[in-house]
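**Student:** What follows is a predicted structure for the sequence shown.
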Amino acid sequence: MTNARRRYAQMKSLLEVPILNDKFWGKVPTVKADAIMLDLEDSTTPGNKELARDRIVRALDEPEYFGGRHVIVRVNNLSTPWCRDDLAALAEVRGDFLISYPKAETAEEIAEVRSTMAAGEPRGLHVMIETARAVIELDSIAKADGVVGLHFGYVDYAADVGSRPFNESGDDLYAPSNHYVRTKIAVAAAAYGLFCTGGTLIPEYKDHDKVRNFVRTWADLGYTACIAVSPAHLDIINEALTPSSGELMRAQEVCAAYEEAMSNGDPAAVLSGRVITMPDYRVASLVLARAGEEVGAA
């Protein structure tokens, strides 16, 4: 499978859409999201699971409605009565979309999800890390066949562990209980070439200054995208996760210097008195990829 971190490099904002809510569903063609997440899990009540599944299947048969955006479908966990029916129905659908799998705990579980969908087209998996067991098993989950992205489900994680989710000001996660896991997920994603998502849900999610601060912390840790709980958060995400003009200029200079050095047979480049090596080039290349710019091969 291709390096998902590069393939999805320009995907910054994901909007979770409950398909049974006509008001939200009607906004899909015009929202400023890079991806639409159709949800069969948390936002769908037990009595509406089958109806929501049928509507999602019909919607996927009309991909033009999504306007060229990435599409991700979050199914239910295998421990529920609905997951296997979700996977079987989606296995029959053609087209390009990902499966988001919540509350994953082991690589064996990931393999079972893929096996259940084996009759259909191969699907990349966006795996949600939301439990203590998942953190223990993170390395094996991240490198499991089919996994292309990771997500930190920090509210569910706090509920599973019994830890404190947010800090006093409500604009960031409570560091002592979350920083290790939050960082570990970003590191695992980078190590295995996966995209990596955080979220915008905070207690005062209507306070856009606090949301902006929160989203910035995901970017600073290496997360490549955020799931918005409100369309009003999309502009904030897109701005925070888009490289600045200064970052782009620096990345262009680093790539140009390194590529020139490689063409001359040099082991490294020097730019403004600083040595530029392959890791610097990889980071700069990813910055350019996120801005939609082509990078030459070194």
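**Tutor:** Okay, I see it.
**Student:** Now do the contacts for Ala225.
**Tutor:** 8, 11-14, 34-35, 195-198, 237, 241 (C-beta atoms under 8 Å, 6 or more residues apart in numbering). Just so you know, the C-beta spots here come from the backbone N, C-alpha and C atoms, and that holds for glycine as well.
**Student:** Flag whichever of those residues scores worst on pLDDT.
**Tutor:** Among these, Tyr8 carries the lowest pLDDT, at 87.
**Student:** ok, now how distant is it from Ile36?
**Tutor:** Remark: distance between Tyr8 and Ile36 (C-beta to C-beta, to the nearest Å) = 14 Å.
**Student:** shared neighbours of those two, anything?
**Tutor:** His70.
**Student:** tell me the contacts of Leu138?
**Tutor:** Ile129, Lys184, Ile185, Ala188.
**Student:** Could you export the contacts of Ala225 as JSON lines, including secondary structure?
**Tutor:** Shown next, in JSON lines, are these (DSSP: H, G, I helix; E, B strand; the rest coil):
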{"residue": "Tyr8", "secondary structure": "coil"}
{"residue": "Met11", "secondary structure": "coil"}
{"residue": "Lys12", "secondary structure": "coil"}
{"residue": "Ser13", "secondary structure": "strand"}
{"residue": "Leu14", "secondary structure": "strand"}
{"residue": "Asp34", "secondary structure": "coil"}
{"residue": "Ala35", "secondary structure": "strand"}
{"residue": "Phe195", "secondary structure": "strand"}
{"residue": "Cys196", "secondary structure": "strand"}
{"residue": "Thr197", "secondary structure": "strand"}
{"residue": "Gly198", "secondary structure": "strand"}
{"residue": "Ile237", "secondary structure": "helix"}
{"residue": "Leu241", "secondary structure": "coil"}
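**Student:** what's across from the residue nearest to the spatial centre of the chain in the sheet?
**Tutor:** The centroid of the chain falls nearest to Thr197 when counting by C-alpha atoms, centre = their mean (3.3 Å). Applying DSSP bridges to Thr197 gives these bridge partners: His151, Ala225.
**Student:** Need the contacts of Leu138 in JSON lines (columns: neighbour count).
**Tutor:** As requested, the contacts of Leu138 are exported to JSON lines (neighbours: other C-beta atoms under 10 Å):
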{"residue": "Ile129", "neighbour count": "28"}
{"residue": "Lys184", "neighbour count": "16"}
{"residue": "Ile185", "neighbour count": "29"}
{"residue": "Ala188", "neighbour count": "20"}
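**Student:** Strands - which of these land there?
**Tutor:** Ile129 (DSSP state E).
**Student:** still on that earlier bit, if I look at the residue nearest to the centre of the chain, how far off is Arg74?
**Tutor:** 12 Å.
**Student:** Report the buried residues of stretch 23-32.
**Tutor:** Buried residues in stretch 23-32, counted by 16 or more other C-beta atoms under 10 Å: Phe24, Trp25, Val28, Val31.
**Student:** circling back to that earlier point, for the residue nearest to the centre of the chain, list the residues it contacts.
**Tutor:** Counting by C-beta under 8 Å, 6+ apart, Thr197 has contacts Leu14, His126, Gly149, Leu150, His151, Phe152, Tyr223, Thr224, Ala225, Cys226, Ile227.
**Student:** try 7 Å this time
**Tutor:** Leu14, Gly149, His151, Tyr223, Ala225, Cys226, Ile227 (C-beta atoms under 7 Å, 6 or more residues apart in numbering).
**Student:** Now the buried members of those residues.
**Tutor:** By 16+ other C-beta under 10 Å, the contacts of Thr197 give Leu14, Gly149, His151, Tyr223, Ala225, Cys226, Ile227 as buried.
**Student:** okay if I get these as a markdown table plus distance to Val254?
**Tutor:** Listed next are those as a markdown table, based on distance: C-beta to C-beta, whole Å:
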| residue | distance to Val254 |
| --- | --- |
| Leu14 | 29 |
| Gly149 | 26 |
| His151 | 30 |
| Tyr223 | 22 |
| Ala225 | 23 |
| Cys226 | 26 |
| Ile227 | 30 |
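**Student:** And the strands in this structure?
**Tutor:** 13-17, 35-39, 70-74, 98-101, 125-129, 147-152, 195-199, 225-228, 269-271, 274-276.
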